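Q: Fold the following for me, if possible:
(2 chains)
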There are 2 protein chains.
Amino acid sequence: MLTAAEARARILAPLTPTPPETVAISAACGRVTAAPLRARLTQPPCDVSAMDGYALRAAEAVPGARLRVAGEAPAGHPWAGTLAPGEALRIFTGSVIPAGADAVLIQEEATRAGEEVTVDAAVSAGKWIRRAGQDFSAGDEILPAGRRLTPRDIGLLAAANHPWVAVHRRPRVAILATGDEIALPGEPLPAGGIVSSNSQALAALVAACGGEPVVLPIAADTRSALISAASGARGADMLVTTGGASVGDYDLVQSALGESGLVVDFWKIAMRPGKPLIYGRLHEVPLLGLPGNPVAALVCGILFLRPALALLSGLPDPDLPTARAVLGAPLAANDWRADHLRTRLVRDPAGRLVATPFARQDSGMLRGLAAADGLILRAPEAPALPAGAEVEVIRFAELGL
Amino acid sequence: MLTAAEARARILAPLTPTPPETVAISAACGRVTAAPLRARLTQPPCDVSAMDGYALRAAEAVPGARLRVAGEAPAGHPWAGTLAPGEALRIFTGSVIPAGADAVLIQEEATRAGEEVTVDAAVSAGKWIRRAGQDFSAGDEILPAGRRLTPRDIGLLAAANHPWVAVHRRPRVAILATGDEIALPGEPLPAGGIVSSNSQALAALVAACGGEPVVLPIAADTRSALISAASGARGADMLVTTGGASVGDYDLVQSALGESGLVVDFWKIAMRPGKPLIYGRLHEVPLLGLPGNPVAALVCGILFLRPALALLSGLPDPDLPTARAVLGAPLAANDWRADHLRTRLVRDPAGRLVATPFARQDSGMLRGLAAADGLILRAPEAPALPAGAEVEVIRFAELGL
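A: Numbering: from 1, shown residues only, chains lettered A, B, ... in the order given. Take a look at the predicted model:
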């Protein structure tokens, strides 16, 4: 049986990033750049002042010197002249340094009287001047391809005069929940039925990972219903199914969709929660079949769907970030399946991350998953560990999940 | 002059969470709950099987025993009868446990032959049964007020039968950039002008923090232009201005808007980058005036606007999360202003966070801010520190910024 890491590698293997689309810079935050971005101008465009004060010749800025104020140049209103000896120009943060000046005397160190300013402190050449191109020059690569744009990047792109950005299209993920026993929230429940939570939770996960969820209608547990519902995945970058287990885990997804063109890559992995995981291709669409159990579906979504979305989105490293923590309670030895224990994560006074797994790990308990701060990763056959031992964890907050 | 912490406290003091609105569960991820949420049903609704197999009496499940298969109950199709002695019922994950049965024999430990099943391993009473209410019972509080909903929470809410959720309305933040020297990306630039980046960067920051940005047209450096543009903030939860510094930092914002009803709380703080920070109230709208310098505007946005958005959004703890790191390079002593040094943050092989500040901290450099992983917080008059010393840092990734 596959390990979770092998399964992840096989899920990622056939995927490629979505093609680019053009979006306005006002809609680009969180999107992933499809090409490197170059500055379209030089910033600052010329030497400018970093402070409010007076542009002057540093050599003349000796304490007590009095200079004639030749004029004033607010930011955006450059002074056309050339500063003569004995002159200073009233300037402000962002003002262009006039020809003839080589330093700025800040206003806190100047005394103004009418058309004259007295120097209160010496100034060295170049002081308080931002040089042309100090931030970037036209043509500089300012952001690489494959970067998820932050608000800081948006500021940089705007300053470099980009009104539009080429980004990878959001991966479209069709989500198909199956089962005679489930109904959408608020809808009439069949006898012995439960409310369907997987579609909504996975749609939220897809959106939180930068994808565009397409929630298909729930499919009843018949071949024709499943085939018909799955046809709604046309044009999606991935089809995610959950459940289909009323006649044995994944029998229905495999058998019904197999008739309809599904080519299966693998369908079981050695992990908990989530053994029945199927991966294949339905016509041109990669199909990821998750367990029907809501906790297993979400944990598998975090472990497998999130990296798939990262790759489809054009991110260079689709791996799952993990962290180290110390155990807040002892752990029993693990069996042959990799385990993913719901855990609380807190910082101790020394700043270390402490992972205290929940006593109950029932994969039927969504409440425990919602209350957890992360997952402790347990390798197959991992030995028992005492409190204080080091473990590897996934932090939900770090993943934005 | 105020410290950054005092300024943050005064910015937060007059703010209250926005009122609730009703959103569909499909639109609720990332929103903040406005009231505690209770389960509307019991989950599981009755005792159900955790596995595929056979429901039976544990006392009869001795290895070698042969039981008559009385029927089959797929999930969603409960069996109406009562199991008689010597009988078993074929069931699946999620199937209702029939009356008379008290355990589940998993199919891997059963041998089926026609209408008979042979027990291959003993089963204890209660085995593989999920009890009614094991996850939650109708009426249980499953999520508190003031919680930013994760995909896991969405799954829990759906399972508890909530098609709608009451969440705090997204805080509306009007953003007003001022300055004769600035133009929007792609628009004609005035002589000596620069492209306006603050509005776009701050709008992205507001959206990333769960707010709804309203970007007002750029205001020229005249009183009437500023007053007219600021009137666009009517109905906003906060007005954020940037710049207004062409005749001295914030003179224009203070003097022009002062005529128009601005009541100033404070307007300078002892920090870098970002000394000229103004806070007050324009009619009923809190006004946060940020520096025009793009790096200072964004750093102040992270330090002050993010906590304000957290509070307006209804989060219980609007403080900025910080972490500890060790210095990767020595630091010089600080002056009287708190500093926020752009830094790289990496994990060393021992798992410690190492902060190596950029050599150039010029507050004119957006490129450095975009490339940074975080900020090192330096208190006023902080002493010089050697490499390896501990510092407090803000991690941009942790803030989603």
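Q: and the closest residue to chain B within the stretch 151-300 of chain A, how many neighbours does it have?
A: Residue nearest to chain B within the stretch 151-300 of chain A: residue A:181 (2.6 Å; C-beta to the nearest C-beta). In this view, the C-beta of every residue, glycine as well, is placed from N, C-alpha and C. Applying other C-beta atoms under 10 Å in any protein chain shown, we find 26 residues neighbouring residue A:181.
Q: out of everything not next to it in sequence, what's closest to it?
A: With C-beta to C-beta, 6 or more residues apart in numbering or on different chains as the criterion, residue A:181 has its nearest non-adjacent residue at 2.6 Å, and that residue is residue B:76.
Q: residues in contact with the one you found?
A: Going by C-beta atoms under 8 Å, 6 or more residues apart in numbering or on different chains, residue B:76 touches A:179, A:180, A:181, A:182, A:190, A:192, A:193, A:221, A:246, B:94.
Q: Out of the residues you listed, give me the two with the largest separation.
A: Farthest-apart pair in the contacts of residue B:76 is A:192 and A:221; separation 13.6 Å (C-beta to C-beta).
Q: Which of the contacts of residue B:76 are buried? Put it as a ChimeraX command.
A: Selection of buried members from the contacts of residue B:76 for ChimeraX, criterion 16 or more other C-beta atoms under 10 Å in any protein chain shown:
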select /A:179,180,181,182,192,193,221,246 /B:94
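Q: Turn the contacts of residue B:76 into TSV, including secondary structure and pLDDT.
A: Listed next are these as TSV, based on DSSP: H, G, I helix; E, B strand; the rest coil; pLDDT from 0 to 100:
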residue	secondary structure	pLDDT
A:179	coil	83
A:180	coil	81
A:181	coil	79
A:182	strand	87
A:190	coil	80
A:192	coil	72
A:193	coil	79
A:221	coil	82
A:246	strand	46
B:94	coil	82
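Q: between the contacts of residue B:76, which is closest to residue A:83?
A: When the contacts of residue B:76 are compared against residue A:83 (criterion: C-beta to C-beta), the nearest one is residue A:182, at 78.3 Å.
Q: now that closest one, nearest residue through space, not along the chain?
A: Counting by C-beta to C-beta, 6+ apart, residue A:182 lies nearest to residue A:196, which is 3.9 Å off, once chain neighbours are set aside.
Q: List the backbone torsions phi and psi for that neighbour.
A: The phi/psi pair for residue A:196 (degrees, to the nearest 10) reads phi -70, psi 120.
Q: give me every residue that touches it.
A: By C-beta under 8 Å, 6+ apart, residue A:196 lies in contact with A:177, A:179, A:182, A:183, A:184, A:185, A:218, B:158.
Q: and what of residue A:152?
A: Residue A:152 neighbours (C-beta under 8 Å, 6+ apart): B:201, B:298, B:366, B:369, B:370, B:372, B:396, B:401.
Q: Would you check that the first one makes contact with residue A:154?
A: Read that as residue B:201. Yes. Shown here, residue B:201 and residue A:154 form a contact pair, counting by C-beta atoms under 8 Å, at 5.1 Å.
Q: These two - which one has more neighbours?
A: residue B:201 (32 against 29).
Q: which helices and strands does the helix or strand containing that one pack with?
A: Using DSSP states H and E, residue B:201 sits in helix B:198-208. When contacts are defined as 3 or more C-beta pairs under 8 Å, 6 or more residues apart in numbering or on different chains; DSSP states H and E, helix B:198-208 sits against helix A:151-159, strand B:172-177, strand B:212-215, strand B:238-242, helix B:294-300.
Q: Kindly reformat these as a markdown table containing mean pLDDT.
A: A markdown table is the format used below for these (pLDDT from 0 to 100):
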| stretch | mean pLDDT |
| --- | --- |
| helix A:151-159 | 98 |
| strand B:172-177 | 97 |
| strand B:212-215 | 98 |
| strand B:238-242 | 95 |
| helix B:294-300 | 94 |
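Q: closest one to residue A:378 among the ones you listed?
A: Counting by C-beta to C-beta, residue A:378 lies closest to helix A:151-159 out of these; the figure is 37.3 Å.
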